[in-house]
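Undergrad: okay, structure incoming, though there's no sequence with it:
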Ligand code: LR7
Ligand code: MN
């Protein structure tokens, strides 16, 4: 305001020629000095009258100082092209320290330019696609944040301005979900006002922390673009990542799109990819967690039929999405039920939206020519509201509305949630499902995700596998299912529990959700039973028969026998002996 007033005053005084002003400060010069004889100064005095000099404000905002310091700290070119950066000396020590606290190297982030590039990792076929931004729908990019490191958030905004340009970007809406970090307040506002293109970036401040679901809803409510694009607050886009999303939505307005999500390392900020030919799509686990899976063979065939020689960059149907980075037609977002606004904190909204979109007639697609990097952190740098398991509670809400009878498998995996007091009422979401005439979960499994193993379907037997002569059951001993591990034995739980849930399928595969039983190759005993990640085509896994209570391994012809066992994770096969008590197994469920 002061600058404006001063400017008006200068102009006014020039016109009426009554008052002199100090050319540096813009202040009126006191009468006593006005007619003081001028002492010639070394610079070109004559020019000063005609030149319109920029008039700096009388006092700088303290934010200016802080922002200038931030910019001084940045090293031009550092981390460009998304290469890894290693700090040394005291900076490294500072980086390591803050990393331990927030799972992100904020020290390094502060040294990287806001405008660093991450390289072009697209499939070369993408370069042939040309989009006319005049005919594409416009985008509102909604970025929600709760106490994100300032420099990381600002870089996300710069990156969006730099890579989602070409006239399609209507606005960026930042939603502050009640952050308490002061840097994200006035300084961020000031930065946006003074350093970014006018009118492009808005900050919506929520008075209290509402959780990421309601924060996204708040952002979506004020958005005006044709398409909503949601981003986490720690993303950097590849060149031209917006246009392919907008183009696809123009073709198909009920398609909900995700870019390929690349990895930005939280400690060295390296941008890395799986190469441009391979990417994964979204799956889920019966415990209600999102996971990544390879594009199923069935889907690769569909892409080939649909896109022919361009199949590598063909939109890939994705059974679910990760949740943080996606594009959706703004009106369709509301039509199809936006979000369950009773979901708190973090988690669960991604599978809810995924199942809802598919069951209610939309599609979820990965668009290979759109790539965005996301900083993956080892742990959450924030607490959940009231220390509750909001992921679990939200997921239970999702399951009650969308999973029909399959909710039993979910509760089998999450018995803790079955009678949880905080789940609340979901009637309005059930009504939404009715109103939209959405299809069943079994339709979803059969048509959208037939590769997903259902422990109770197409099986000869399922449940716990119990040693007939004792109290021990097969158990995964909570092993990581991405790597092979030894099958274990453990005291049978009173009720069936996730670690003891096994199935013998109609394809004669002995398995749990992700791993299939094999026998270790060896010339002499022990012939250990090892669980390995199941092959996509179930028939290719090793086979087992169940007869007269014996579990017989087809390739070796041997039977699972408890006798040779030493230790919990040492289940073995031995030559079959129909009289042996230690080879009898019961497969049972309630
Ligand atoms: O209370 C909160 N309020 C918020 O505004 C908690 C978080 N947030 C913000 C936060 O600042 C961030 O910008 O919400 C965003 C997501 O939080 P993250 O980055 O801590 O979550 P995440 O990346 O670990 O989690 C993934 O799953 C979440 C489930 O609720 C959300 O859908 C995230 O958006 C999602 N992230 C992605 O999909 C990025 C790809 C990663 C994967 C897999
Ligand atoms: Mn994230």
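TA: Noted; the coordinates are in hand. From a predicted model like this one, the values you see are computed outputs, not experimental measurements. Ligands and ions are numbered 1, 2, ... in the order given.

Undergrad: what's the burial count for the residue of the stretch 1-150 of the chain found nearest ligand 1?
TA: When distances are taken as CB to the nearest ligand atom, the stretch 1-150 of the chain reaches nearest to ligand 1 at residue 146, 3.5 Å away. C-beta: built from backbone N, CA, C; applies to glycine. Residues lying near residue 146 (other CB atoms under 10 Å) number 24.

Undergrad: residues contacting it?
TA: 176, 177, 178, 179, 209, 212, 215, 382 (CB atoms under 8 Å, 6 or more residues apart in numbering).

Undergrad: mind giving me the domain split of this protein?
TA: Structurally, the chain divides into domains by automatic domain parsing as follows: 2-48, 124-376, 385-447, 459-588.

Undergrad: among those, which is nearest residue 61?
TA: domain 124-376 (6.2 Å; CB to CB).

Undergrad: quick one: pLDDT of the residue nearest to residue 268 when sequence neighbours are not counted?
TA: Among residues not flanking residue 268 along the chain, residue 84 sits closest, at 4.0 Å (CB to CB, 6 or more residues apart in numbering). Note for residue 84: predicted pLDDT of 98.

Undergrad: which ones among the contacts of residue 146 lie within strands?
TA: Counting by DSSP state E, these place residue 176 in strands.

Undergrad: can I get the contacts of residue 146 in CSV with distance to residue 509?
TA: Below are those laid out as CSV (distance: CB to CB, whole Å):
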residue, distance to residue 509
176, 50
177, 45
178, 49
179, 49
209, 46
212, 39
215, 44
382, 42
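
Undergrad: keep the contacts of residue 146, but drop any that are not near ligand 1.
TA: Applying CB under 6 Å from any ligand atom to those, one finds that 177, 209, 212, 215 fall near ligand 1.

Undergrad: need the buried ones from the residues you listed selected in ChimeraX.
TA: Listed next is the ChimeraX selection for buried residues among those, using 16 or more other CB atoms under 10 Å:
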select :177,209,212,215
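
Undergrad: most widely separated two among the ones next to ligand 1 among the contacts of residue 146?
TA: The span of the ones next to ligand 1 among the contacts of residue 146, defined through CB to CB, is set by 209 and 212 at 9.6 Å.

Undergrad: report the secondary structure state of the nearest residue to residue 316 once chain neighbours are set aside.
TA: Excluding its sequence neighbours, the residue lying closest to residue 316 (CB to CB, 6+ apart) is residue 366, at 4.5 Å. Classification of residue 366 using DSSP: H, G, I helix; E, B strand; the rest coil returns strand.

Undergrad: tell me who's in contact with residue 366.
TA: 257, 258, 259, 260, 279, 281, 315, 316, 318.

Undergrad: ok, back up a step: could you name every residue contacting both of residue 209 and residue 212?
TA: Taking CB under 8 Å, 6+ apart as the criterion, residue 209 and residue 212 both touch 146, 177.

Undergrad: residue in the stretch 351-500 of the chain with the shortest distance to ligand 1?
TA: Nearest residue of the stretch 351-500 of the chain to ligand 1, counting by CB to the nearest ligand atom: residue 374, 4.5 Å away.

Undergrad: list the contacts of that residue.
TA: The neighbourhood of residue 374, defined by CB under 8 Å, 6+ apart, consists of 232, 234, 235, 261, 262, 263, 264, 324, 325.

Undergrad: coming back round to it: make TSV out of the domains of the chain and add distance to residue 453.
TA: As requested, the domains of the chain are exported to TSV (distance: least, CB to CB, whole Å):
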stretch	distance to residue 453
domain 2-48	66
domain 124-376	9
domain 385-447	10
domain 459-588	6
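
Undergrad: ranking the ones you listed by burial, who's on top?
TA: The highest mean neighbour count among the domains of the chain, using mean count of other CB atoms under 10 Å, belongs to domain 124-376: a mean of 20.

Undergrad: how about the nearest residue to residue 478 once chain neighbours are set aside, secondary structure?
TA: Closest residue to residue 478 apart from its sequence neighbours, by CB to CB, 6+ apart: residue 499 at 5.9 Å. Classification of residue 499 by three-state DSSP places it in helix.

Undergrad: in this structure residue 499 contacts residue 474, no?
TA: No - with contacts counted by CB atoms under 8 Å, residue 499 stays clear of residue 474, the gap being 9.0 Å.

Undergrad: end-to-end on stretch 95-112?
TA: End-to-end distance of stretch 95-112 (CA to CA, to the nearest Å): 13 Å.

Undergrad: could you pull out the helices in the stretch 1-150 of the chain for me?
TA: 2-16, 31-34, 45-48, 62-73, 89-102, 106-111, 150-163 (DSSP state H, counting those that start in this stretch).

Undergrad: can you list the buried residues in the fifth one?
TA: The neighbour-count check on helix 89-102 (16+ other CB under 10 Å) flags 94, 95, 98, 99, 102 as buried.

Undergrad: tell me the one among these nearest to residue 528.
TA: Nearest member of the buried residues of helix 89-102 to residue 528, counting by CB to CB, is residue 99, at 39.2 Å.

Undergrad: my read is that the closest one contacts residue 105, right?
TA: Yes - using CB under 8 Å, residue 99 is in contact with residue 105, at 5.0 Å.

Undergrad: tell me the residues of the chain that contact ligand 1?
TA: So far as CB under 6 Å from any ligand atom goes, the chain lies against ligand 1 at 144-146, 148, 177, 209, 211-212, 215, 232-233, 261, 322-325, 345-347, 349-350, 374, 380.

Undergrad: would you mind measuring from residue 448 to residue 368?
TA: Here residue 448 is placed at a distance of 19 Å from residue 368 (CB to CB, to the nearest Å).

Undergrad: pLDDT averaged over stretch 335-343 - what is it?
TA: Mean predicted confidence for stretch 335-343 is 98.

Undergrad: and that stretch, how far from the chain's centre?
TA: 18 Å (CA atoms, centre = their mean, to the nearest Å).

Undergrad: that one spans what distance, first to last residue?
TA: Note: stretch 335-343 ends 19 Å apart using CA to CA.

Undergrad: contacting residues for residue 585?
TA: 465, 466, 467, 468, 546, 549, 550, 551, 560.

Undergrad: at 7 Å what do you get?
TA: For residue 585, the contact set (CB atoms under 7 Å, 6 or more residues apart in numbering) comprises 465, 466, 467, 468, 549, 551, 560.

Undergrad: where's the dip in pLDDT among those residues?
TA: residue 468 (92).

Undergrad: now do the closest residue to the residue of the stretch 1-150 of the chain closest to ligand 1 other than its chain neighbours, the pLDDT please.
TA: The spatial neighbour of residue 146 that comes closest, neighbours along the chain excluded (CB to CB, 6+ apart), is residue 177 at 4.3 Å. On the pLDDT scale, residue 177 is placed at 98.
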